[in-house]
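Engineer: predicted model follows, preceded by the sequence.
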2 protein chains.
Amino acid sequence: MSEDNRITIKDIAKETGLSIATVSRILSGKGQHNGDTVKRVLNVAEQLGYVKNTAAVDLVKRQSHVIAVIVSNTKSNFSSSIITAIENQAAANDLDVFILYAGNNDSSSQSRAIRTVIERAVKGIILVSLELNEHVKSILADTTIPSIFLSTAVKDQSFPYVTSDNYQMGYKATEFLIKKGHRSIGLIGIPQHGSISDRIRGYEQCLHDYQIPFNDKHIQIGDCLYEDGSNALTKFENKLPITAAICASDVVAIGMMNSVKDAGYKVPDDLSLISFDGTELVDYVRPAITSVTQSFYNMGIEGVNYLLNDATIKMKYLPFKIIERQSTQKLI
Amino acid sequence: MSEDNRITIKDIAKETGLSIATVSRILSGKGQHNGDTVKRVLNVAEQLGYVKNTAAVDLVKRQSHVIAVIVSNTKSNFSSSIITAIENQAAANDLDVFILYAGNNDSSSQSRAIRTVIERAVKGIILVSLELNEHVKSILADTTIPSIFLSTAVKDQSFPYVTSDNYQMGYKATEFLIKKGHRSIGLIGIPQHGSISDRIRGYEQCLHDYQIPFNDKHIQIGDCLYEDGSNALTKFENKLPITAAICASDVVAIGMMNSVKDAGYKVPDDLSLISFDGTELVDYVRPAITSVTQSFYNMGIEGVNYLLNDATIKMKYLPFKIIERQSTQKLI
DNA sequence: AATACCACTGTAAACGTTTACATTAAACAA
DNA sequence: TTGTTTAATGTAAACGTTTACAGTGGTATT
C-alpha cells in the first residue's frame, strides 16, 4: 500500500477507477460532479494521505499563490507589525506568505533572495525596509511580477512604495521639541543616505523656520541601532551639549537613554528624548519614550492590496502621529 | 524580442541553435561542453533575461532546496536569534530559507503552514517554539520530509527536538534566588501545559529540596506575555507577597518590573527579578534583568545540521546559563 | 420521435525542466 | 586500415498537475 513515492492524483484515479482529470477537478473544486463520486475521491485522497504537488500546479498555472516578503535582517523590530498585517491580509485572500531575510547592505544576499522568489513565480513581492542597489533593482524590474516597497521610499520612483514621509516626520519631531522650549536638539543615529536621511532635511528646515542656528555637532550619523544611541554620549565627549534628542529608532532612544542614565543624568529632566517608530518597545522602558509613531500595520495591508489590485505605479505616505509619553518635558 | 511570456531554456535553445538538453546542462553546470558554446549560452541567457523556473525543476527533481521554518507568531523576540542562525547555516549549504508564521494555539493556521511547505516538497522543516496538536503532528508524520522542533520539547518523543531543559532551568533559577536568601518566590507567566510548564516542576522540586513550603498563590499561570507580567501585581492584589519572581520570558519580567515600579516599589530592593531567555531586551531596561540565558543561536545551527545530516531521531538539550545583571540582589 | 440540453466523465496536450540513453565526429591506438 | 575511446551534443521520456475539448447517456422539450 504505502509506496516510497508520494501519492499523486494518478494513484487516486487508479484506486477510484476515475480519470485523473476528474480527480483533479474534484480535488480543486472545479466543474460539477456526482456527489458520491466526490465523496469517494475525497475519502481515498484522505486515506492515501495525498498531498498536492505544488510544483506541478505552479508549473502548469505559471503562477504560484504566494506573496514573498523580503525583510531587512537588521535588528528592526517594527517589521513584525508589518508582517502581521501582511499575513492577515494575505490569509484573507487565500494567499500564502513566505518571508525571506536579506542584508540591507549586502547586495549578494539581496539578489539571492530576489532570485529565489522570482524563480518561483510568486504572485507579488513585498520589500520591507530595504534599500536596493541598482543591479538588484534591475533584476526586479526585468520581471512582470509586481513588487512594492514598504517603509522605504524609492527615490527614483522606479517602484511603488508605501512609507511615512520622513521629511515631515523629521520636521514635526523637531517642531515638537522646539515648542517645548528646546533649542539645542540632537539628531542621533540617522543614516547619511537613503530615504530615512530625509529626516535630517526636515530637522534642518524646521530649525531654520524657527530661526534656530544649525549646529552640525548635534547630528550623529548612524544606522538606527542600539549602539548608535548608547555611544552617543561618548561621542558628545560625555557632556550633554543638547537638551533634547531625536532618535532614529526606538532602540536608538533606548540605547541613548540607558547610557545617559548610567552616566548619572536624568531623562527627561536633563535630556528629553523622542524616537521614530513607536513600537511596543517604547512602553517597555521607564520613562516610556515619546515617539513619532508610524502606521506600520497599515503599511502591510496597503502592500498586499497593491499587489492584489495590480494598481498602477504609485507612491503613498501613511500618516504618523507624535505620541507623548514620559521621556519629553518642557524646558524650564 | 521581449514576449509577454517568460524566457525559458527553449528560447535559449532556439536562439543558440542548440538543444534544450545542452542548454539545461550548461546552465546547471553538468556534463562537459565546448567552452565557446558555454559562453554563448550564458550570454544569451543573460541577454534574454532568463530566470529558471523552479517549479519545473522541483517537479522533475521531486525535491526543492529550501528549508522551511515555521515560527510561532506570538510576540517571541528570541526567535530572531534562531532564525539568524538558520539563515547562516542554510546559506553555507546553499539552501534557501522560507519563514512562515503560525499561531501557537491556532491549529488551522498550523496545518495550513505545514501543508503549504509539504506541498512544496521542501528539504526540511524546522518548527520554532511551536506546540502542535495531534492532528497536525500526524500530517507531519505522514510525510518523508525530515522535521525538527526547536525550543520545544515534543513530550511523546515522536519528533526530534533541540531545546533547553525546562525542568533544569526552573530548578536553577529557583536555586539562584534561594541562595540569595529569598524564600517567597513567585513564578509568573508560565503556561499550564506544554514543555515550558516543566519549569514549574523544577521550581517545585527545588523548593522542596531546600525545604521551603510551596505556596500556590505564588504561581501565576500565563502565556509568556508582557501582560502576564504587567498584570501580576494586580493579581497579587497590589501587594507583594514575594521578594523575588521568576518570569517566563524577558517581556514578562519587563512587564512586571514596570508595573511594580509604577506602583512605587523598587527593583531589586523590593523585588528581585529573573527571567528566562536572555535576549537583548534584558539589557534595554534599567535595572537590566538577570536572566536564564538560552543558547538560541546554537539551536538554529543544530536544527539545520540535523536536517542535512539526516540523523536518526534524537532529542537534545542545549546548555543555558544564569547571567546576573541588576534586577536581583541578596535578601537582607 | 426527434431535438436540445445538461450532468458527468474521459482524452490528451501543455507547463519547463532534468537526465538516461543514443548519436556523431574527431582523436587516438593498434 | 580498423577499432576504440572521448568530447560534445541530441532525443525523448518523465515529473504531477490543469484544462480545453470531446464524448456519453439521460431528461426535458417540441
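Structural biologist: That came in fine, so what should we check first?

Engineer: so which strand or helix has A:Lys316?
Structural biologist: strand A:315-318 (DSSP states H and E).

Engineer: could you pick out the residues of chain A near DNA strand D for me?
Structural biologist: Within chain A, the residues that sit near DNA strand D (C-beta under 7 Å from any atom of the strand) are A:5-6, A:8-10, A:20-21, A:24-25, A:27-28, A:30, A:50, A:52-53, A:56-57, A:59-61. For glycine as for every other residue, the C-beta is placed from the backbone atoms N, C-alpha and C.

Engineer: and chain B, which of those contact it?
Structural biologist: Restricting these to those near chain B by C-beta under 8 Å from any C-beta of the partner chain leaves A:6, A:52-53, A:56, A:59.

Engineer: quick check: can you name the pairing partners of the strand holding A:Lys316 and their directions?
Structural biologist: Paired with strand A:315-318 in the same sheet, following DSSP bridges, are strand A:161-164 (parallel).

Engineer: right, and the helix or strand after the strand it pairs with?
Structural biologist: Counting by DSSP H and E, what follows strand A:161-164 is helix A:166-179.

Engineer: quick one: is the very next helix or strand once past that following helix near chain B?
Structural biologist: Per DSSP H and E, the first helix or strand lying C-terminal to helix A:166-179 is strand A:185-190. No. Using C-beta under 8 Å from any C-beta, we find that strand A:185-190 stays clear of chain B, coming within 14.9 Å at best.

Engineer: need phi/psi at A:Phe98.
Structural biologist: Dihedral pair for A:Phe98: phi -120, psi 130, per degrees, to the nearest 10.

Engineer: okay, now it: neighbour count?
Structural biologist: 24 (other C-beta atoms under 10 Å in any protein chain shown).

Engineer: go on, the one 10 residues further on?
Structural biologist: Residue crowding around A:Ser108 was assessed by other C-beta under 10 Å; the count is 11.

Engineer: gap between it and DNA strand C?
Structural biologist: Separation of A:Ser108 from DNA strand C (C-beta to the nearest atom of the strand, to the nearest Å): 21 Å.

Engineer: which residues are in contact with A:Gly31?
Structural biologist: For A:Gly31, the contact set (C-beta atoms under 8 Å, 6 or more residues apart in numbering or on different chains) comprises A:Arg25.

Engineer: mind listing what's buried in stretch A:31-42?
Structural biologist: By neighbour count on 16 or more other C-beta atoms under 10 Å in any protein chain shown, the buried set for stretch A:31-42 is A:33, A:38, A:40-41.

Engineer: out of those residues, flag the one nearest to chain B.
Structural biologist: Proximity of the buried residues of stretch A:31-42 to chain B (C-beta to the nearest C-beta) peaks at A:Val41, which lies at 17.9 Å.

Engineer: domain ranges for chain A?
Structural biologist: Following automatic domain parsing, chain A resolves into domains at A:9-52, A:61-164+A:297-319, A:166-296.

Engineer: correct me, but A:Lys321 touches A:Thr290?
Structural biologist: No. A:Lys321 is not in contact with A:Thr290 according to C-beta atoms under 8 Å; the separation is 11.3 Å.

Engineer: more neighbours, the two?
Structural biologist: A:Thr290 (27 against 11).

Engineer: ok, now which ones touch the more buried one?
Structural biologist: Shown here is A:Thr290, whose contacts under the criterion C-beta under 8 Å, 6+ apart are A:176, A:272-275, A:282, A:322-328.

Engineer: A:Ile322 versus that one, what's the distance?
Structural biologist: Separation of A:Thr290 from A:Ile322 (C-beta to C-beta, to the nearest Å) stands at 7 Å.

Engineer: can you list the weak-confidence ranges in the stretch 201-332 of chain A?
Structural biologist: The stretch 201-332 of chain A contains no residues with pLDDT under 70.

Engineer: now do the strands in it.
Structural biologist: Using DSSP state E, counting those that start in this stretch, the strands of the stretch 201-332 of chain A run over residues A:219-221, A:244-247, A:272-277, A:290-294, A:315-318, A:320-323.
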